[in-house]
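In: Build me a structure from this.
(chains A and B)
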Amino acid sequence: MSKLARQLLPFGSLILIICFLSALKPDTFLTTDNFLNVLRRSSVNGIIAVGMTAIIISAGIDLSVGSMMALSGMVGAWVMILIGGTNPQGAALVLGTFVGVVTGLVCGSLNGLLVTKLKLPPFIVTLGTMSTFRGISYVMNAGKPYNIPHYKYLNEGIVLGIPISVLIFAFIIALAGFLLKYSRLGRYTYAIGSNREAAFHAGVNVDSCLIRIYALTGLVVGIAAMITTSRAVSAQPTAGVTLELDIIAAVVIGGASLSGGRGTIIGTLIGTLLISFLRNGCTLLDISTNVQLIVIGAIIIIAVAVDQLARSKATAGQFE
Amino acid sequence: MIATTTNNQLSGAETSLRMRGISKQFGPVRALSDVSFTVRRGTVHALVGENGAGKSTLMKILAGVYQPETGTIEINGKVQKLAKPSEALAAGISMIYQELDLAEHLTVAENVFLGMELPGRLPFIMDHKKMIERTAEIAQRFNFKIDPTTVVEELAMGDCQVIEILKALMRKASIIVMDEPTSSLSETEAVMLFKLVKALRRQGLSIIYISHRLEEIVGLADDVSVLRDGRMVHSGPMANLDIPKIVHHMVGRELKDFFPARTVNIGQTLVRVRNLSSQNGIEDISFDIRKGEIVGMAGLVGAGRTQVAQALFGIDRKTSGTIELDECRPEINSPTDAIANHIAFLTEDRKRTGLCLELPCSWNVTLPNLAAIGMKNIIKPGLESKIVTDIASRISIKWLGPQAPVDSLSGGNQQKILIARWLLAESKFMIFDEPTRGIDVGAKKEVYSLLNELAEEGKAILFISSELPELFGIADRILVMRRGRLVGDVNPKETTQEEVMHLAAVEAAQ
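Out: From the prediction side, this is the model:
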């Protein structure tokens, strides 16, 4: 199987699912509203998955994204209430949004610093910060959410007929795809993931690159956090529990390798949409959320198994 | 029974292996054509050939990994069909690969018995005591001192080789295939290994010995078979051969100008190292390298040669001393600094510290050079491909194009990718650490030519090597290291390899 065919595989599956559902439920599935709804639901996961893709390409992992999202939302909302009172509006919301996004950036930078300066495995660092960030989110308001009833724009706002969250998602996908492919940091991300020692010996400042990769992931998590907050018109300390697993699944289905050096933004986009359409389809077909878990688990394993199989077939002809 | 095969001068009833008419095709590539290969019992049989000649393919067929299209395999007089590795193992074939297959966290005895543990009195419990005893016993038989309860990761590379051999013996192997066994061993470890191999021979085992180091074959092998382009071009007793003859068979031409001539045009001093010491065990190193000069560096494994390079390149922290480059004294605290100051370092282990194997060739070439070729922020893939293709054709890299992953290239061409990287960097001072390790004779010669060209262009070159013949072949001066110190600076025209070896190996008289 050629490289192209392998990359087309997840895409083909996505098209297949869409066709299948269109045939089965033409009146409920194949509507603009439903598609926009799926995209809107994909946007939060998709935005975070973009950052996770870069981290996984660099042979790292970030388990803290779910907790980081909760914390960013809580801090953002706390600032809104601090400035605008119990029912914040206008400038307070804007400033709170900014602070929430910056919180994500700070959390991500912290992960990056711990990974590089203490030379700890990313799995351990982010396992730790996953717990810590979550803990802080609970402590902030004694486990209760912050309600901000007027914070609706990021979720409900529509520009040119497209939800604003979907536009943000599209923009981040395009920018990250470009940076990963054409920027020096993007190139170094692949090099570090493929062989960190070799990258170091070739003069790549590995630590600085990794810090930037984790920090940028924090930044996109912050953005996703504010969209989530807006959707719930409240910041929940329980937001994004086990989110990291869905995100990693999407990235892996998209063809990235957990051992690093391999992965694309477009693959991740397809992986994210695949999971979203599956969930949507299951819902439309009245399949319970419990059964959805089973289906999605199977899809992850099948996707990676097929990819591995294709890979070993492709190299079978080589020798010595 | 006396049998002779078409291109085989070896005969006799004492054959342990007879492969006949073996052919193997990979897609359009014919890897082996009608190869016959006979090994006598109780002999060491060297199998040599350039990279890509088909040695590995032939051995993988013997190990049951590949199936040949035609041909038969006879082991100890019995025709065998080796459909999978376990069948080859059962037929008495043991392979010891270059990258050893040991479970690092287990003990010696556990490794020796891996997969065939002795059952104890209780179900699922192994008889540890008996396994330890049996391991000690068999080690004893070959005069090999090792504690069977040692954990493998605490052992030196040489001992690990031996454990692989013990493993083979425990599986009642009659033929042991060793693939480049000395490539990661020190001199003393290698000597010990040779003794062990000879002991195995005395016990009636047959050893198929694959090596690029022809010098060691001369002293060790009884018979030599040479593969070239998938054909067996020579097979016969070592006694009728010497290194030049073997090389001739390998490359199909005489290597008169193995070390190509160079117009030596030495200019002013470019590199001035004074009293350099590092945290990594080198002390008080001082030397100069002039423009256009190739300075060799000799020494035993562990003498600190690589550590000198690492201190110069900003990898190891310096504890004292200065490095002057072109009359300047740059601060070099990282490879990034070193590269910015036009220093290049081709590391000795290209897979571990050199290449990003699954990434495209072009990416590997430009990795340290993106800023230098005007892609500080944004990469222009078209231009990048063009630049890399130009440089690749200059040093004739054989590849499937700039986008092909590096691991699709042969060892010699992978090395050239790294050389291309430093050519592109336009370095003034280039350090080459074992640049010819593990690459075939033809590629070695090309590397020497490249070093010469670079010197002619006025670069200062530090050439670290464990092979004295190549140091004597191309270096203008040879620095000799011993135990972290520089103990000699000699002119190869006025000394001998023996003297350099003596300097490297023997403590000076007090």
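In: what about the closest residue to B:A221 other than its chain neighbours, helix or strand, and which?
Out: Among residues not flanking B:A221 along the chain, B:A46 sits closest, at 3.8 Å (Cβ to Cβ, 6 or more residues apart in numbering or on different chains). C-betas here are computed from N, CA, C, even on glycine. Assessed by DSSP states H and E, B:A46 sits inside strand B:44-48.
In: Other residues contacting that strand?
Out: B:37, B:39, B:55, B:58-59, B:197-198, B:201, B:206-212, B:214, B:217, B:220-227, B:238, B:246, B:250 (Cβ atoms under 8 Å, 6 or more residues apart in numbering or on different chains).
In: so the residue nearest to A:N195 when sequence neighbours are not counted is in which element?
Out: The shortest distance from A:N195 to any non-neighbouring residue, by Cβ to Cβ, 6+ apart, is to B:C356 (4.6 Å). Using DSSP H and E, B:C356 sits in no helix or strand.
In: what about stretch B:316-327, average pLDDT?
Out: For stretch B:316-327, mean pLDDT rounds to 90.
In: Now restrict the contacts of strand B:44-48 to buried residues only.
Out: Among the contacts of strand B:44-48, those classed as buried by 16 or more other Cβ atoms under 10 Å in any protein chain shown are B:37, B:39, B:55, B:58-59, B:197, B:201, B:206-212, B:214, B:217, B:220-227, B:238, B:246, B:250.
In: Could you pull up the residues touching the residue in chain A that chain B sits nearest to?
Out: Residue of chain A nearest chain B, by Cβ to the nearest Cβ: A:S194 (3.6 Å). Going by Cβ under 8 Å, 6+ apart, A:S194 touches A:A59, A:G260, A:G261, B:C356, B:L357, B:E358, B:L359.
In: The same query, at a cut-off of 6 Å, please.
Out: By Cβ atoms under 6 Å, 6 or more residues apart in numbering or on different chains, the contact set of A:S194 is A:G261, B:C356, B:E358, B:L359.
In: most surrounded residue in the residues you listed?
Out: Counting neighbours by other Cβ atoms under 10 Å in any protein chain shown, the top entry in the contacts of A:S194 is B:C356, with 25 neighbours.
In: Dihedrals phi and psi, that one?
Out: B:C356 adopts backbone torsions of phi -100, psi 100, taken as degrees, to the nearest 10.
In: What parts of chain B come near chain A?
Out: Within chain B, the positions lying close to chain A (Cβ under 6 Å from any Cβ of the partner chain) are B:26-27, B:52, B:56-57, B:335-336, B:339, B:347, B:352-356, B:358-359, B:367-368, B:370, B:378-379.
In: Tell me how many other residues surround the nearest residue to B:E467 once chain neighbours are set aside.
Out: Using Cβ to Cβ, 6+ apart and skipping residues adjacent in sequence, the residue nearest B:E467 is B:T436, 7.2 Å away. As a burial measure, B:T436 scores 23 neighbours (other Cβ under 10 Å).
In: Work out for me the element B:T436 sits within.
Out: Under DSSP H and E, no helix or strand contains B:T436.
In: thinking it is in contact with B:V447, fair?
Out: Yes: between B:T436 and B:V447 there is a contact under Cβ atoms under 6 Å: 5.4 Å.
In: Tell me which residue is most central in chain B.
Out: B:G438 (3.3 Å; Cα atoms, centre = their mean).
In: so that one, which of the three states?
Out: Three-state call for B:G438 (DSSP: H, G, I helix; E, B strand; the rest coil): coil.
In: and it, how far is that from chain A?
Out: Remark: distance between B:G438 and chain A (Cβ to the nearest Cβ, to the nearest Å) = 12 Å.
In: So what does that residue look like in phi/psi?
Out: phi 70, psi 20.
In: What sits closest to it if chain neighbours are left out?
Out: Using Cβ to Cβ, 6+ apart, the nearest residue to B:G438 is B:G411, at 5.5 Å.
In: measure that neighbour to B:R350 for me?
Out: 8 Å (Cβ to Cβ, to the nearest Å).
In: now do B:E434
Out: 9 Å.
In: And B:A420, by the same measure?
Out: Applying Cβ to Cβ to B:A420 and B:R350 gives a distance of 13 Å.
In: Ok, A:V75 next?
Out: 48 Å.
In: who has more neighbours, those two?
Out: Neighbours were counted for A:V75 and for B:R350 using other Cβ under 10 Å; A:V75 has more, 26 against 23.
In: Please name the residues that touch the more buried one.
Out: Counting by Cβ under 6 Å, 6+ apart, A:V75 touches A:G100, A:T103.
In: pLDDT score assigned to it?
Out: pLDDT, A:V75: 97.
In: Moving C-terminal from the helix or strand that it is a member of, which element do we reach first?
Out: Following DSSP H and E, one finds A:V75 within helix A:65-84. Later in the chain than helix A:65-84, the nearest helix or strand by DSSP H and E is helix A:91-117.
In: Go ahead and measure how far that next one is from the middle of the chain.
Out: 16 Å (Cα atoms, centre = their mean, to the nearest Å).
In: Would you mind listing the buried residues in it?
Out: Using 16+ other Cβ under 10 Å as the burial criterion, the residues of helix A:91-117 that qualify are A:92-93, A:95-97, A:99-116.
In: what packs against it?
Out: helix A:65-84, helix A:122-140, helix A:206-232 (3 or more Cβ pairs under 6 Å, 6 or more residues apart in numbering or on different chains; DSSP states H and E).
In: Quick check: which of these has the most neighbours on average?
Out: Mean neighbour count (mean count of other Cβ atoms under 10 Å in any protein chain shown) peaks for helix A:65-84 among the helices and strands packed on helix A:91-117, with a mean of 26.
In: Distance from the chain centre to it, please.
Out: 18 Å.
In: tell me the angle it makes with helix A:122-140.
Out: Going by axes from the mean of the first three to the mean of the last three Cα atoms, to 10 degrees, helix A:65-84 is angled at 30 degrees with respect to helix A:122-140.
In: Just give me the neighbour total for whichever residue of the stretch 401-510 of chain B sits closest to chain A.
Out: Closest to chain A within the stretch 401-510 of chain B is B:S408: 6.6 Å, counting by Cβ to the nearest Cβ. Using other Cβ under 10 Å, B:S408 is surrounded by 16 other residues.
In: okay, how far is it across stretch B:320-340, tip to tip?
Out: The straight-line separation of the ends of stretch B:320-340 (Cα to Cα, to the nearest Å) is 22 Å.
In: Can you mark which positions in it are buried?
Out: Along stretch B:320-340, these residues count as buried under the neighbour rule (16+ other Cβ under 10 Å): B:G321, B:I323, B:L325, B:D326, B:P330, B:I332, B:S334, B:P335, B:T336, B:A338, B:I339, B:A340.
In: tell me the contacts of the first one?
Out: In this case it means B:G321. B:R274, B:N275, B:L276, B:S277.
In: May I have the distance across stretch B:471-479, first residue to last?
Out: End to end - Cα to Cα - stretch B:471-479 spans 10 Å.
In: Just the ones in helices from the residues of chain B next to chain A, please.
Out: B:S56, B:T57, B:P335, B:T336, B:I339 (DSSP state H).
In: ok, those vs B:T149, which is closest?
Out: B:S56 (34.9 Å; Cβ to Cβ).
In: Quick one, grab the pLDDT at the closest one.
Out: 84.
In: neighbours of it, just the number please.
Out: Around B:S56 there are 22 residues (other Cβ under 10 Å).
In: Please apply the same query to B:V191.
Out: 14.
In: Quick check, pLDDT for it.
Out: pLDDT, B:V191: 85.
In: how about low-confidence regions in the stretch 1-150 of chain A?
Out: Where the stretch 1-150 of chain A drops to pLDDT under 70, the residues are A:1-7.
In: should've said the stretch 301-450 of chain B
Out: For the stretch 301-450 of chain B (pLDDT under 70), the answer is none.
In: so which residue of it comes closest to chain A?
Out: B:C356 (3.6 Å).
In: For B:K78, see how far away that residue is.
Out: As judged by Cβ to Cβ, B:C356 and B:K78 stand 47 Å apart.
In: repeat for B:I210
Out: 24 Å.
In: related to what we said a few turns ago, tell me, how many residues neighbour the residue nearest to B:A221?
Out: Neighbours of B:A46 (other Cβ under 10 Å): 24.
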